[in-house]
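In: this one's sequence-less:
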């Protein structure tokens, strides 16, 4: 899967380079916040593309290569009921608390089709929409911490469990939004994005007592962008 990501990136760069002499080139950067079932993420990305031949003056189309970097965190916890224990003849009470957290790093590499235009030629307000497909490298760090609050005796911590996972996932996306043109070349955008990947679950070896952290199929995001057309 990693070879597929590299191949997609190189192929897209080759296409952009081949069209650079005959088609307008545009670039852009963006950043935003993403949320799905179990993880909140922040990140940013950049894209470079070329404009396809215009079918209508008010409608523009482009193909682009886009790379994002996202850093997120998920958390779930569950406390068990108090229980009675015996230690050296003494009777006491304890409560066990388990906390699970996940740190998630995502690097999607996407090939997008984008359309954009204006409501009318005299307006500075623009709109855009698009879709893409590609792959992402995802690295997750699953951490489980358990502690016992004992009476008498005070809290007792257990060595935390931690494990890293690496994933290569097929990824799709949809995006749309509105923009404002400062000039014929420079514009700013505000929009929404949906990243779609395989569902993931982190539950470790004791899923029956500790709530797992799950990611949904879709990550919903809000983003701000800045674009420049050459």
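Out: On my side now, so go ahead. For clarity, every value in this text was computed on a predicted model and none was experimentally measured.
In: Mind listing the residues bridging to residue 115?
Out: residue 61, residue 129 (DSSP bridges).
In: Now the host helix or strand of residue 134: average pLDDT?
Out: Per DSSP states H and E: residue 134 is located in strand 125-151. Mean pLDDT, strand 125-151: 82.
In: just checking, what packs against that strand?
Out: Judged by 3 or more Cβ pairs under 8 Å, 6 or more residues apart in numbering; DSSP states H and E, strand 125-151 is in contact with helix 2-19, strand 90-118, strand 154-181, strand 186-196, strand 200-202. (Each C-beta comes from the backbone N, C-alpha and C, glycine too.)
In: Any stretches of the protein with poor pLDDT?
Out: Across the chain, the ranges flagged by pLDDT under 70 are 1-22, 55, 75-100, 146-161, 200-216.
In: and if we set it to 50?
Out: When residues are selected by pLDDT under 50, those of the chain lie in 20, 205-209.
In: For stretch 128-142, buried residues please.
Out: By 16 or more other Cβ atoms under 10 Å, the buried positions in stretch 128-142 come out as 128, 130, 132, 134-138, 140, 142.
In: For beta bridges, what are the partners of residue 218?
Out: Residues in beta-bridge contact with residue 218 (DSSP bridges): residue 196.
In: which ones are touching it?
Out: 36, 194-196 (Cβ atoms under 8 Å, 6 or more residues apart in numbering).
In: Top of those by number of neighbours, please.
Out: residue 195 (24 neighbours; other Cβ atoms under 10 Å).
In: Look up how far residue 34 lies from that residue.
Out: From residue 195 across to residue 34, the span is 7 Å (Cβ to Cβ, to the nearest Å).
In: Quick check: neighbours shared by those two?
Out: 219, 221.
In: hang on, residue 143 packs against residue 104?
Out: No: using Cβ atoms under 8 Å, residue 143 is not in contact with residue 104, being 11.8 Å away.
In: Which one's more surrounded, those two?
Out: Comparing residue 143 with residue 104 by other Cβ under 10 Å, the one with more neighbours is residue 104, at 24 against 18.
In: Please tell me how far the more buried one sits from residue 43.
Out: To residue 43, residue 104 is 11 Å away according to Cβ to Cβ.
In: again, but for residue 225
Out: For residue 225, the distance to residue 43 - Cβ to Cβ - is 13 Å.
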